[in-house]
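Asker: With the sequence up front, the predicted model follows.
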Amino acid sequence: MTSDPFFHPVSGFDLPRFAGVPTFMRLPHVPPGHERFGDVQVGLIGVPWDSGTTNRPGPRHGPRQLRDASTMIRAQHATSGMRPFETVNCADLGDVGPNPADIQDSMERITAFYDQVMAAGIVPLTAGGDHLTSLPVLRSVAKDSPVGMVHFDSHTDLFHSYFGGTMYTHGTPFRRAVEEGLLDPKKVVQIGLRGTMYDTEDRDFAEANGIRLILIEEFHARGVADVMAEAREIVGSGPTYVSYDIDFVDPTFAPGTGTPEVGGPNSFQALQVVRELEGLNIVGADMVEVSPPFDPSGGTAFLGVSIMFELLCVMAGRMGATHG
């Protein structure tokens, strides 16, 4: 295995972590059109957009705070020993420029950006943005055939519509993704669901289409290892997308989100569930709904990028084994 120094992050021993221009995990900035774009294997991308939010806005500011927090990420995983930046070529591909006044135009812009990423053979790791972000990303990632999904969230995001027929909100992306043939519902598992409800429409849709719902009570009763063994079995060896809403985590540990729900996993369990994804064929992943206005201290963002590092390690481990 060769390791290209160009794609290594800046070390805190060479430049203090509070200095320099913040990129994701201090990686090089390699936007589309850069001469090294085609050499990237995993691309970290910001989608600063929250036009799907129906109550507490703020995730449009998530990627910026996540980048700043990510300067604390170092080169090696503490328990597995994985050094992802030496295993695959990683880079910060920059932000998708949304249209804050037009949901449809923004989604087209996002999909077009990811089309460039996918055409270059880059596996995307996204920082949102509200959860509607996942839909235009999936329109690119799953363009040729539907994928499975492991989804960590307090909410299903399977509603038909909001406010009398509004089809595109952060509560509807995976309903649309199933309808558009982007997700294979029988290979979708949603983990951590809880909180008060409007009705059972979303859960009824899941049951009718074969989506596996694991409510928080079952998660706590069975434990991380058992639940995640089932999740791996559901998605199998096929292409799998991982979507991680930070409100999966209890708001004691992650208050900076738009729709917090009590009773969730702690911050260690938040990392554990990702570690249990090892070996899956992950074709894309996202971390969404980090909302800096609700946690100016940045603690939620630091947990968010720590989870992104866990995702990166799992993705790099699989890719390194495949290409090694």
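Answerer: Happy to help now that I have it. Numbers count the residues shown, from 1 in each chain.
Asker: ok, which stretches of the stretch 101-250 of the chain are helices?
Answerer: 103-119, 134-141, 173-179, 201-209, 216-222, 224-235 (DSSP state H, counting those that start in this stretch).
Asker: May I see the buried residues of the last one?
Answerer: Neighbour-count burial for helix 224-235, counted by 16 or more other Cβ atoms under 10 Å, picks out 224, 227-228, 231-232, 234-235. All C-beta atoms are positioned from the backbone trio N, CA, C, and that covers glycine.
Asker: Averaged pLDDT, that helix. What do you get?
Answerer: For helix 224-235, mean pLDDT rounds to 98.
Asker: likewise the longest one?
Answerer: Confidence over helix 103-119 (mean pLDDT, whole number) is 98.
Asker: Which elements pack onto the helix ranked longest in the chain?
Answerer: In the chain, taking DSSP state H as the definition, the longest helix is helix 299-323. Helix 299-323 is packed against strand 42-47, helix 62-69, helix 84-87, strand 123-128, strand 240-245, helix 267-275, strand 282-288, with contacts defined by 3 or more Cβ pairs under 8 Å, 6 or more residues apart in numbering; DSSP states H and E.
Asker: Contact partners for the residue nearest to Thr71 when sequence neighbours are not counted?
Answerer: Leaving out its chain neighbours, the residue that sits closest to Thr71 by Cβ to Cβ, 6 or more residues apart in numbering is Arg17, at 4.5 Å. Arg17 sits next to 26, 71-72 when contact means Cβ atoms under 8 Å, 6 or more residues apart in numbering.
Asker: quick one, longest strand in the protein?
Answerer: Longest strand of the chain, by residue count under DSSP state E: strand 183-193.
Asker: what comes up buried for that strand?
Answerer: 183-185, 187-193.
Asker: Now render these as CSV, adding distance to Gly284.
Answerer: Output for the buried residues of strand 183-193, formatted as CSV (distance: Cβ to Cβ, whole Å):
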residue, distance to Gly284
Leu183, 12
Asp184, 15
Pro185, 18
Lys187, 15
Val188, 14
Val189, 16
Gln190, 17
Ile191, 18
Gly192, 20
Leu193, 22
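Asker: now, which of those sits nearest Glu276?
Answerer: Distance to Glu276 across those (Cβ to Cβ) is lowest for Ile191, with 10.5 Å.
Asker: Name every strand pairing with the longest strand of the chain and say which way it goes.
Answerer: strand 147-152 (parallel), strand 212-215 (parallel) (DSSP bridges).
Asker: Of all those strands, which one is nearest Arg83?
Answerer: strand 147-152 (24.3 Å).
Asker: Quick one: work out the angle between that closest one and strand 282-288.
Answerer: Inter-element angle recorded for strand 147-152 and strand 282-288: 30 degrees (by axes from the mean of the first three to the mean of the last three Cα atoms, to 10 degrees).
Asker: on that earlier part again, out of the helices and strands packed on helix 299-323, which is closest to Leu158?
Answerer: Comparing the helices and strands packed on helix 299-323 by Cβ to Cβ, strand 240-245 comes nearest, at 12.4 Å.
Asker: Just checking: what are the partner strands of that closest one?
Answerer: Strand 240-245 has these strand partners (DSSP bridges): strand 147-152 (parallel), strand 282-288 (parallel).
Asker: would you turn these into TSV with distance to Gly129, mean pLDDT and mean neighbour count?
Answerer: What follows is the strands paired with strand 240-245, written out as TSV (distance: least, Cβ to Cβ, whole Å; pLDDT from 0 to 100; neighbours: other Cβ atoms under 10 Å):
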stretch	distance to Gly129	mean pLDDT	mean neighbour count
strand 147-152	15	99	26
strand 282-288	5	98	26
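Asker: And those strands: which comes nearest Pro265?
Answerer: Closest among the strands paired with strand 240-245, using Cβ to Cβ: strand 147-152, at 8.7 Å.
Asker: gap between that closest one and the chain center?
Answerer: Put simply, strand 147-152 sits 10 Å off its chain's centre (Cα atoms, centre = their mean, to the nearest Å).
Asker: In this structure Glu96 contacts Thr111, no?
Answerer: If you look again at residue 96, you'll see it is Val, not Glu. No - here Val96 does not reach Thr111: they are 9.4 Å apart, not a contact under Cβ atoms under 8 Å.
Asker: Have a look at the two and say which one is more surrounded.
Answerer: Ranked by neighbour count (other Cβ atoms under 10 Å), Val96 and Thr111 place Val96 first, with 24 against 19.
Asker: What residues does the nearest residue to the more buried one once chain neighbours are set aside make contact with?
Answerer: Computed as Cβ to Cβ, 6+ apart, the closest residue to Val96 that is not its neighbour in sequence is Phe113, at 4.5 Å. Counting by Cβ under 8 Å, 6+ apart, Phe113 touches 32, 45, 96.
Asker: Report pLDDT for the nearest residue to Asp115 once chain neighbours are set aside.
Answerer: Distance criterion Cβ to Cβ, 6+ apart; nearest residue to Asp115, sequence neighbours excluded, is Ser140 at 5.0 Å. On the pLDDT scale, Ser140 is placed at 98.
Asker: Identify the residues contacting Ser140.
Answerer: 111, 114-115, 117-118.
Asker: what comes into contact with the longest strand of the chain?
Answerer: 138, 142, 146-156, 174, 177-178, 206, 209-216, 219, 227, 230-231, 234-236, 238, 240-241, 248, 264-265, 273.
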